[in-house]
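Chemist: Sequence plus the predicted model coming up.
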Amino acid sequence: MTNNDSNSPTLADVAERYVKLVLAMGQHDASYVDAYYGPPAWQQEAAERPWSLSDIKAATDKALALLADATCLRALNLRKQLQAVLARADMLQGVRLDFDTESARLYDAVSPHHSRAYYEDLVVRIDALLPGPGTVSARVNALRAQLVIPADKLRAVMDAAIRAGRERTLHYIALPDGEDFVLEFVTDKPWSGYNWYKGNYQSVIQINTDLPVYIDRAVDLGCHEAYPGHHVYNVLLERDLVRGKGWVEYCIYPLYSPQSLIAEGTANYGIELSFTDEERLDFEQRVLYPLAGLDAALAPRYAQLNALLAKLSYADNDIARQYLEGGITRDEALEWLVNVRLYPAEKSAQRLQFYDAMGAYVINYNLGQDMAKAYVERQGTTRAGHWAAFRDLMSSPRVPSGLLA
């Protein structure tokens, strides 16, 4: 990007254009702007003087043209984010994208495809772990039914899980004074947990209680939504990039963008970074099971089951792709979710709601996790080295395709 005279646009100029374009898009899609803590006047202007989708696309093309010669990571990130604005505008204008094209244009990544037979081999291993009558799905959910956190103990369990994640995070990542969150329990949502970042180092974390919350979800949700996941990610972006470098593009977070793969991927990888398998089992048995009033003797077997279930995670992507492209019906997708992904029936219905609402976003969790893990673990061999690379990844403008070897 050239800066030979005072009239030449700078990266800061493009960043401001980008923020205003995302705010303009938010007037067409209520879910598009996930977080914003920039100048209130920009938000007010977007509401009072809305742009058409065609105008947004034309302005986005102009912003992209200004980045044509720029090669730094910041410019690459802005280019990818702006390309995702174009893709989402196309979708809102009725352009139908196949699943992989949508994920490539919005999230800068494409998930591998696996056959049903690939997953059924994993189901056979779960069948062996939980022998007995009935379907594998029924046996999995019979074990899960014994491990539901009682509603009156959910806050205490979640508080303990989040506190443990925070302690582990602070050992490796310094956070600013005053960072904090509010924990809320909600219903009638297509997701199980959500972090709403408010700026000034504050988050609202919501846990959906429509469905039973199993004991393993305490660590998962605590790490993913809070420490070292979304809350830490957003705090680092605000402190290091928005305040530290004046990179205004990070005061806004468009949900349907490559930033989501980094956000979801690091949030999921942060779980295993915080707790080894042995540490997690010990913590759950000593602390969380007693707090929930559950039988800690079930913990080892449940941990084995969850390790195998995690290997089924890409089934979500394959089911969503086939369902959204019309390759399988709603009933067939539900059958896959129950008998292949091994979700309870009610959770399966919730997942379809998620696919309908979010499309290819589902890839950001498992593919994002694997991409973040591979990238971080290439940077060093020690736990401290992994945490350092993890922290740098969360506070840098690296894009998903840039995580690849």
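Modeler: Structure's in. What do you need?

Chemist: excluding its backbone neighbours, what's nearest the residue positioned nearest the centre of the chain?
Modeler: Geometric centre of the chain, nearest residue: residue 264, 2.3 Å, by CA atoms, centre = their mean. Once flanking residues are discounted, residue 264 sits nearest to residue 364: 3.8 Å by CB to CB, 6 or more residues apart in numbering. Where you see a C-beta, it was placed from the backbone N, CA and C, and this is true even at glycine.

Chemist: and if you look at residue 75?
Modeler: Using CB to CB, 6+ apart, the nearest residue to residue 75 is residue 67, at 5.3 Å.

Chemist: Enumerate every residue touching that neighbour.
Modeler: Residue 67 makes contact with 1, 14, 75, 78, 79, 82, according to CB atoms under 8 Å, 6 or more residues apart in numbering.

Chemist: separation between the fifth one and residue 67?
Modeler: Distance of residue 79 to residue 67, computed by CB to CB, to the nearest Å: 5 Å.

Chemist: can you map out the helices along the stretch 1-150 of the chain?
Modeler: With DSSP state H, counting those that start in this stretch, the ranges of helices along the stretch 1-150 of the chain come out as 11-26, 40-48, 53-66, 73-92, 99-107, 116-129, 136-145.

Chemist: same for the third one, what does it pack against?
Modeler: Helices and strands touching helix 53-66, as assessed by 3 or more CB pairs under 8 Å, 6 or more residues apart in numbering; DSSP states H and E, comprise helix 11-26, helix 73-92.

Chemist: Tabulate those helices (TSV), appending mean pLDDT.
Modeler: Putting the helices and strands packed on helix 53-66 into TSV (pLDDT from 0 to 100) gives the following:
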stretch	mean pLDDT
helix 11-26	97
helix 73-92	98
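
Chemist: and these as a markdown table, adding distance to residue 340?
Modeler: Below are those laid out as a markdown table (distance: least, CB to CB, whole Å):
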| stretch | distance to residue 340 |
| --- | --- |
| helix 11-26 | 36 |
| helix 73-92 | 28 |
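
Chemist: for those, which one sits closest to residue 343?
Modeler: Residue 343 lies closest to helix 73-92 among these, at 27.1 Å (CB to CB).

Chemist: Dump the closest one to PDB, restricted to CA.
Modeler: Output of helix 73-92 as PDB, limited to C-alpha atoms (Å, rounded to 0.1, in the frame of the first residue of the first chain):
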ATOM      1  CA  LEU A  73      -0.300  -9.500   8.000                       C
ATOM      2  CA  ARG A  74      -2.600  -6.600   9.000                       C
ATOM      3  CA  ALA A  75      -3.500  -5.900   5.300                       C
ATOM      4  CA  LEU A  76      -4.000  -9.600   4.600                       C
ATOM      5  CA  ASN A  77      -6.400  -9.800   7.500                       C
ATOM      6  CA  LEU A  78      -8.300  -6.800   6.300                       C
ATOM      7  CA  ARG A  79      -8.500  -8.300   2.800                       C
ATOM      8  CA  LYS A  80      -9.900 -11.600   4.100                       C
ATOM      9  CA  GLN A  81     -12.400  -9.800   6.300                       C
ATOM     10  CA  LEU A  82     -13.600  -7.600   3.500                       C
ATOM     11  CA  GLN A  83     -13.900 -10.600   1.100                       C
ATOM     12  CA  ALA A  84     -16.200 -12.200   3.700                       C
ATOM     13  CA  VAL A  85     -18.300  -9.000   3.800                       C
ATOM     14  CA  LEU A  86     -18.800  -9.400   0.000                       C
ATOM     15  CA  ALA A  87     -19.700 -13.100   0.500                       C
ATOM     16  CA  ARG A  88     -22.300 -12.400   3.200                       C
ATOM     17  CA  ALA A  89     -23.800  -9.500   1.100                       C
ATOM     18  CA  ASP A  90     -24.100 -11.900  -1.800                       C
ATOM     19  CA  MET A  91     -25.900 -14.400   0.400                       C
ATOM     20  CA  LEU A  92     -28.300 -11.800   1.800                       C
END
